[in-house]
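> Structure here, sequence nowhere to be found:
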């Protein structure tokens, strides 16, 4: 879910993140994601990249250093995997890499 209104409150169980690269003209875009993403192995890679880029001490929403396109693809993969796990089908996700991170 992409949030255009920056003052909108985040519901319990969700987390606001800012996605983008410093060199992008559009700057960062705010998204609201389920907290469960934080535990997904693919998302953990992105959190490690955020730690390397920005450290642990930052103000405001969590900044994720990747392109919006890569973030949307990652979100799609996580959602697809969640839907497939409901059908007892699991694909390994170790081969995915974020090009812009």
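Yes, it's here. Computed from a prediction, not measured in an experiment: that's the story for all the values here.

> Which pLDDT value does the model give the residue nearest to residue 46 when sequence neighbours are not counted?
Nearest non-adjacent residue to residue 46, counting by Cβ to Cβ, 6 or more residues apart in numbering: residue 64, 5.6 Å away. C-betas here are computed from N, CA, C, even on glycine. pLDDT for residue 64: 93.

> List the beta-bridge partners for residue 64.
In this structure, residue 64 bridges to residue 19 when assessed by DSSP bridges.

> what residues are up against it?
Residue 64 is in contact with 17, 18, 19, 20, 46, 47, 49, 50, 71, counting by Cβ atoms under 8 Å, 6 or more residues apart in numbering.

> Can you say which of the residues you listed are buried?
Taking 16 or more other Cβ atoms under 10 Å as the criterion, what is buried in those is 17, 18, 19, 20, 46, 49, 50, 71.

> Tabulate the residues you listed in CSV, adding columns for distance to residue 83.
Listed next are these as CSV, based on distance: Cβ to Cβ, whole Å:
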residue, distance to residue 83
17, 22
18, 26
19, 22
20, 27
46, 20
49, 26
50, 26
71, 19
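
> What does the pLDDT read for the most centrally placed residue in the chain?
The centroid of the chain falls nearest to residue 71 when counting by Cα atoms, centre = their mean (5.5 Å). You'll see residue 71 listed with a pLDDT of 96.

> Could you pull out the buried residues of the helix or strand hosting it?
In this assignment (DSSP states H and E), residue 71 forms part of helix 68-85. For helix 68-85, a neighbour-count test (16+ other Cβ under 10 Å) marks 68, 70, 71, 73, 74, 75, 77, 78, 81 as buried.

> is it true that residue 43 lies in a helix?
Yes: under DSSP: H, G, I helix; E, B strand; the rest coil, residue 43 sits within a helix.

> Isn't it up against residue 37?
Yes: using Cβ atoms under 8 Å, residue 43 makes contact with residue 37 at a distance of 4.6 Å.
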